[in-house]
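> let's see this in three dimensions:
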Amino acid sequence: MEALGLKNLRVEVDGPLAWVTIERTAALNALNRETIAELGRAMDGCAADEAVRVVLLRGAGGKAFVAGADIRELTELDAAGGREVSEAGQRVFRRMETMGKPVIAVIDGFALGGGCELAMACTLRLAAETAKLGQPEVKLGLVAGFGGTQRLPRLVGRGAAMKMLLTGAIIGAQEALRIGLVDEVVAAEALTERAHTLAMEIAANAPVAVRQTMLAVDGGLDGTLDAGLAVEAEAFGACCATADMHEGTRAFVEKRAARWSGR
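Numbering: from 1, shown residues only. As a prediction, the model looks like this:
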């Protein structure tokens, strides 16, 4: 991972887990262009590392997961530049979302604007009780540009998404849990431990099966039920051709722990 040349991120591999920490604490971990590009490189590195099975994404400093996009950069944009920035962020977030390995957002403090959009692009979202989430772009004369107008209604429904997007309101962790924006809320002091435990639960499973499950959900979510079932059947068939499936079924019959090869 050292060859990735990261200035604003730190990547630490711990067994099957990779902790990716955004480190722009002076800017509350705001996403400038350089940080977004580094995030793409970090995720590509995690995707390519066969030892990594789950990625945990967090912000340094305890005050913010990511407080938003870098406002200083936004002030200089025209229409063409704005579209370019939006598309660049969308590409990185979508690549992270579809890389075949779960990414868990570990949300402590503020997750606003681009930070909330980054969390939504993760597979799962854990939040500290003190976390604050929101899409306040309308208060800046903008729309959410890194996927917020698309992922938020898919997660929480059209009405709840419209309320957040149109008011720019910032909500607490419990409200985010109620509407389905986050998946679990824990005490701030227990956040890292709970994230580690959840990641290890996922990492204990067959890597190909985890990847195929994610691809099936992503590939079928926005189509018809029949189309989604076809995607699922393809994923099931792909798993049946793997060494891991044969190992897993044998281990079950033999009442022992499976030894996954990832193949």
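
> which strands or helices does the helix or strand hosting residue 193 pack on?
Per DSSP states H and E, residue 193 falls inside helix 191-203. On a contact count with 3 or more C-beta pairs under 8 Å, 6 or more residues apart in numbering; DSSP states H and E, helix 191-203 meets strand 17-22, strand 54-59, strand 103-107, strand 124-128, strand 184-186. Using the backbone N, CA and C atoms, a C-beta is placed for each residue, glycine as well.

> including mean pLDDT, mean neighbour count and distance to residue 65, could these go into CSV?
Below are the helices and strands packed on helix 191-203 laid out as CSV (pLDDT from 0 to 100; neighbours: other C-beta atoms under 10 Å; distance: least, C-beta to C-beta, whole Å):
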stretch, mean pLDDT, mean neighbour count, distance to residue 65
strand 17-22, 97, 22, 8
strand 54-59, 98, 26, 4
strand 103-107, 98, 27, 4
strand 124-128, 98, 25, 9
strand 184-186, 98, 18, 14
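
> follow-up on the earlier one: between strand 103-107 and the helix or strand just after the helix holding residue 193, find me the angle.
Sequence-wise, the next helix or strand downstream of helix 191-203 (DSSP H and E) is helix 207-220. Here helix 207-220 runs at an angle of 80 degrees relative to strand 103-107 (axes from the mean of the first three to the mean of the last three C-alpha atoms, to 10 degrees).

> what sits against the nearest residue in space to residue 194 that is not next to it in sequence?
Leaving aside its chain neighbours, residue 194 sits nearest to residue 186 (4.8 Å; criterion: C-beta to C-beta, 6 or more residues apart in numbering). Counting by C-beta atoms under 8 Å, 6 or more residues apart in numbering, residue 186 touches 126-129, 194.

> pull the CA atoms of stretch 137-147 into CSV?
Output of stretch 137-147 as CSV, limited to C-alpha atoms (Å, rounded to 0.1, in the frame of the first residue of the first chain):
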residue,chain,number,x,y,z
GLU,A,137,-25.9,21.5,-0.4
VAL,A,138,-29.0,23.6,-1.1
LYS,A,139,-27.8,26.0,1.6
LEU,A,140,-24.8,26.7,-0.7
GLY,A,141,-26.8,27.0,-3.9
LEU,A,142,-25.9,23.4,-5.0
VAL,A,143,-27.3,20.0,-5.3
ALA,A,144,-25.7,16.8,-3.9
GLY,A,145,-23.2,15.9,-6.6
PHE,A,146,-21.5,12.7,-5.6
GLY,A,147,-24.6,10.5,-5.8
